[in-house]
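*Asks:* sharing a sequence plus its predicted fold:
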Amino acid sequence: MDLEDLRVLMSIVKAKLMGKPLALCDIGDADGLTSAALFLIKYPNGLVTFAPPSKVQRGWLYRVVKWDFVADLPCPGKAVIRADHHRTNKPCAQFEYYDPEAPCSAYMAAKGLNLNSDPRAQGLVKVAIETDTANIVSREAEEIDMAARFSNYGEKVKLAKVLAQEGLGALSEPWVKAIVERGYKAKELMLRIADQIPIDNVVNVYFSTRVGSVSYRQLTIELQRRGAGMVNILVKLGSRTFRYYCGADKSRFDCTRIATALGGGRHPYAAGAQYKAPLFNPRQGFEEFIRVLKDKLNMSKLSLIEVVRDTNGVSVRRLQL
């Protein structure tokens with residue numbers, strides 16, 4: 001059990017002891033954050049928790065309680081209301097607000113929580129649609145995206161509360177601006193990395209070492225913007241832990257074919273997975289990524305860009321596998 005799990009456990013205990021409504025939302029992006037804020041608009045005395053899909057799918061902690069509200073995540077087992085739009089997530093809640101054609105989970109959450117006429121909720125749903133469809137056109141959507149991606153767990157809980165209270169006006173708070181600025185600095189590093197990656201129809205990238213604070217989802221979007229039809233990114237998070245990110249033109253590719261083979265899921269145009277290699281064969285995590293790519297993309301040989309940190313900052317090298 002890590003620190004994030006302990007925070008969730010403390011919130012579960014507090015909610016049950018005090019009789020407060022309890023929500024579980026995706027930790028990784030603006031859709032999860034805005035969905036949490038919508039829950040707090042509806043239930044100002046509620047408690048919100050955050051987790052990635054991989055933990056909800058596999059972690060026992062998330063299955064021991066009946067959640068009042070779940071958004072943008074696989075069903076943890078027992079829930080009253082669940083709002084979602086991912087084809088790979090199976091329903092299980094008492095009241096399912098689920099539509100795979102919906103632009104984001106926050107859109108379904110507003111319906112499920114009966115907030116469609118609330119102006120704060122309308123603003124939050126608007127930016128969630130922009131961020132989750134990778135069509136960010138407003139300053140507010142870009143800043144919410146930065147805040148969601150570059151806030152830590154405690155900041156995320158605080159962000160959900162202030163967004164519920166002030167709507168998009170919360171972006172003017174100095175401490176929120178500081179998180180957003182953190183995101184813009186990380187974006188500069190991401191763009192420097194993108195400049196070094198040659199663009200092909202399918203771009204495969206492996207981060208074998210930590211290179212700093214980077215949004216890998218932003219990197220998939222940037223490489224697609226530059227002409228890639230599909231982007232597959234594997235990040236080595238620890239000695240045995242790997243995280244997969246995918247972005248694709250869904251008219252030609254389907255990210256879920258690879259993500260589900262690695263134990264994850266989400267959308268044809270954006271998907272991911274997190275998995276662990278065997279204790280005595282950590283290399284297998286990388287090898288499994290290559291095997292699945294070759295199988296699902298029907299390739300006998302694969303071009304891969306490895307990104308590493310060196311004395312000059314960040315560099316890349318092309319591998320043929």
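*Replies:* Yep, that arrived.

*Asks:* ranges for the strands of the protein?
*Replies:* Assigned by DSSP state E, the strands in the chain fall at 22-26, 47-51, 67-71, 79-84, 95-98, 202-207, 230-236, 241-248, 265-266, 270-276, 303-310, 313-320.

*Asks:* what's the average pLDDT for the shortest one?
*Replies:* Across strand 265-266, pLDDT averages out at 82.

*Asks:* do the second one as well
*Replies:* Summarised as a single mean, pLDDT over strand 47-51 is 96.

*Asks:* which elements pack onto that strand?
*Replies:* The contact analysis (3 or more CB pairs under 8 Å, 6 or more residues apart in numbering; DSSP states H and E) places strand 47-51 against helix 3-18, strand 22-26, helix 30-42, helix 153-166. Every residue, glycine included, has its C-beta placed from N, CA and C.

*Asks:* rank the strands of the chain by pLDDT, which is bottom?
*Replies:* Among the strands of the chain, strand 265-266 carries the lowest mean pLDDT (a mean of 82).

*Asks:* that one - which strands sit beside it in the sheet, and in what orientation?
*Replies:* strand 270-276 (antiparallel) (DSSP bridges).

*Asks:* neighbours around A37, how many?
*Replies:* A37 has 29 neighbouring residues, counting by other CB atoms under 10 Å.

*Asks:* ditto for Y275
*Replies:* Count around Y275 with other CB under 10 Å applied: 17.

*Asks:* so who does the nearest residue to it once chain neighbours are set aside touch?
*Replies:* Nearest residue to Y275, sequence neighbours excluded (CB to CB, 6 or more residues apart in numbering): G263, at 4.9 Å. Listed by CB atoms under 8 Å, 6 or more residues apart in numbering, the contact set of G263 reads 54, 57, 273-275.

*Asks:* out of the helices and strands packed on strand 47-51, flag the one nearest K111.
*Replies:* helix 30-42 (10.1 Å; CB to CB).

*Asks:* export only the CA atoms of the closest one, formatted as PDB.
*Replies:* Output of helix 30-42 as PDB, limited to C-alpha atoms (Å, rounded to 0.1, in the frame of the first residue of the first chain):
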ATOM      1  CA  ALA A  30      -8.900  16.900 -16.300                       C
ATOM      2  CA  ASP A  31     -11.900  14.700 -16.900                       C
ATOM      3  CA  GLY A  32     -11.500  13.000 -13.600                       C
ATOM      4  CA  LEU A  33     -10.700  16.300 -11.800                       C
ATOM      5  CA  THR A  34     -13.800  18.100 -13.200                       C
ATOM      6  CA  SER A  35     -16.000  15.100 -12.500                       C
ATOM      7  CA  ALA A  36     -14.800  15.200  -8.800                       C
ATOM      8  CA  ALA A  37     -15.700  18.900  -8.800                       C
ATOM      9  CA  LEU A  38     -19.100  18.200 -10.100                       C
ATOM     10  CA  PHE A  39     -19.700  15.700  -7.300                       C
ATOM     11  CA  LEU A  40     -18.800  18.400  -4.800                       C
ATOM     12  CA  ILE A  41     -21.100  20.900  -6.400                       C
ATOM     13  CA  LYS A  42     -23.900  18.300  -5.800                       C
END
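
*Asks:* pull the distance from stretch 236-254 to the chain's centre.
*Replies:* Centroid separation between stretch 236-254 and its chain, computed with CA atoms, centre = their mean, to the nearest Å, is 11 Å.

*Asks:* buried stuff in that stretch?
*Replies:* 236, 240, 242-248, 253-254 (16 or more other CB atoms under 10 Å).

*Asks:* JSON lines for those residues, including distance to S117?
*Replies:* Output for the buried residues of stretch 236-254, formatted as JSON lines (distance: CB to CB, whole Å):
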{"residue": "K236", "distance to S117": "47"}
{"residue": "R240", "distance to S117": "49"}
{"residue": "F242", "distance to S117": "44"}
{"residue": "R243", "distance to S117": "39"}
{"residue": "Y244", "distance to S117": "39"}
{"residue": "Y245", "distance to S117": "36"}
{"residue": "C246", "distance to S117": "36"}
{"residue": "G247", "distance to S117": "34"}
{"residue": "A248", "distance to S117": "36"}
{"residue": "F253", "distance to S117": "39"}
{"residue": "D254", "distance to S117": "37"}
